[in-house]
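[1] Sequence first, predicted coordinates after that:
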Amino acid sequence: MIKFFSGLLLIGTSFFAHAQYGTLDAILTKLEERKGINQNLSAVNIDDKKFVLIKDLPDHTERNFIVIKGQKATYVEIFDDKATGESTSNVFSGDIVRSRKNIISLRADLLENKKVPIPVTKTLLLTRQDNILYLIDVNNKDRWIDEESFSKAKIKAKK
């Protein structure tokens, strides 16, 4: 009798777990889509896009740009010193590779058209939230926003 009830309990638990798995899987998929992990953005064209990252630090402001033209990319760093008001910049150029899983790899090996010994590399995840394109750096979670989307968002916020 104990074996019968144990078997019945095991079968019932199995059906319950399977039903819960389907619900859990749907919830996890929805969360991943919100975080940008599980989106299908293969149809999104990133050619001629400019992505912007601005960091306001206590002693300086950093403005970074990634400009994508086909398989080529330009990475620009601009540092504004708050004490002196001076700006310095670095302009790197290189190439990008886009995978089917929304991963973009940037490798910039030229600094102002001179080869550098250690290229600047970035691994970025392309994602879209509220119709705004982002590149999220997978190493440090910096969020690069599409300049065109940013301009549209600012206009909507003013209305």
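    Looks like it came in fine. Since the structure is predicted, the reported quantities are computational estimates derived from the model, not experimental observations. Numbers count the residues shown, from 1 in each chain.
[2] all contacts plus neighbour counts: C-alpha atoms, from now on.
    OK.
[3] how much space between Val116 and Ser93?
    11 Å (C-alpha to C-alpha, to the nearest Å).
[4] In terms of neighbours, single out the busier of these two.
    Of the pair Val116 and Ser93, Ser93 is the one with more neighbours under other C-alpha atoms under 10 Å, namely 24 against 13.
[5] For Gln129, see how far away the nearest residue to the more buried one once chain neighbours are set aside is.
    Leaving aside its chain neighbours, Ser93 sits nearest to Thr74 (4.4 Å; criterion: C-alpha to C-alpha, 6 or more residues apart in numbering). Distance check for Thr74 against Gln129: by C-alpha to C-alpha, it reads 24 Å.
[6] more crowded one of the two?
    The neighbour count for Thr74 versus Gln129, taken as other C-alpha under 10 Å, is higher for Thr74 (21 against 11).
[7] and the lengthiest strand in the chain, what's its mean pLDDT?
    If each strand of the chain is counted by residues according to DSSP state E, the longest one is strand 114-129. For strand 114-129, the per-residue pLDDT values average out at 89.
[8] mind listing what's buried in it?
    Within strand 114-129, the residues that qualify as buried by neighbour count (16 or more other C-alpha atoms under 10 Å) are 119-120, 122-128.
[9] Leu110: what's it in contact with?
    92-94, 116, 119 (C-alpha atoms under 8 Å, 6 or more residues apart in numbering).
[10] And for Leu125?
    Under the contact definition (C-alpha under 8 Å, 6+ apart), the residues listed for Leu125 are 36-37, 102-104, 134-138.
[11] from those, which is closest to Glu147?
    Looking at the contacts of Leu125 and their distance to Glu147, the nearest is Tyr134, at 9.6 Å (C-alpha to C-alpha).
[12] Am I right that that closest one falls within a helix?
    No - note on Tyr134: no helix contains this position according to DSSP: H, G, I helix; E, B strand; the rest coil, which reports strand.
[13] which neighbours do Val116 and Ser93 share?
    If you check Val116 and Ser93 against C-alpha under 8 Å, 6+ apart, the residues they both contact are 109-110.
[14] can you give me the strands in this structure?
    With DSSP E, the ranges of strands along the chain come out as 49-56, 60-69, 72-81, 87-98, 103-111, 114-129, 132-137, 143-146.
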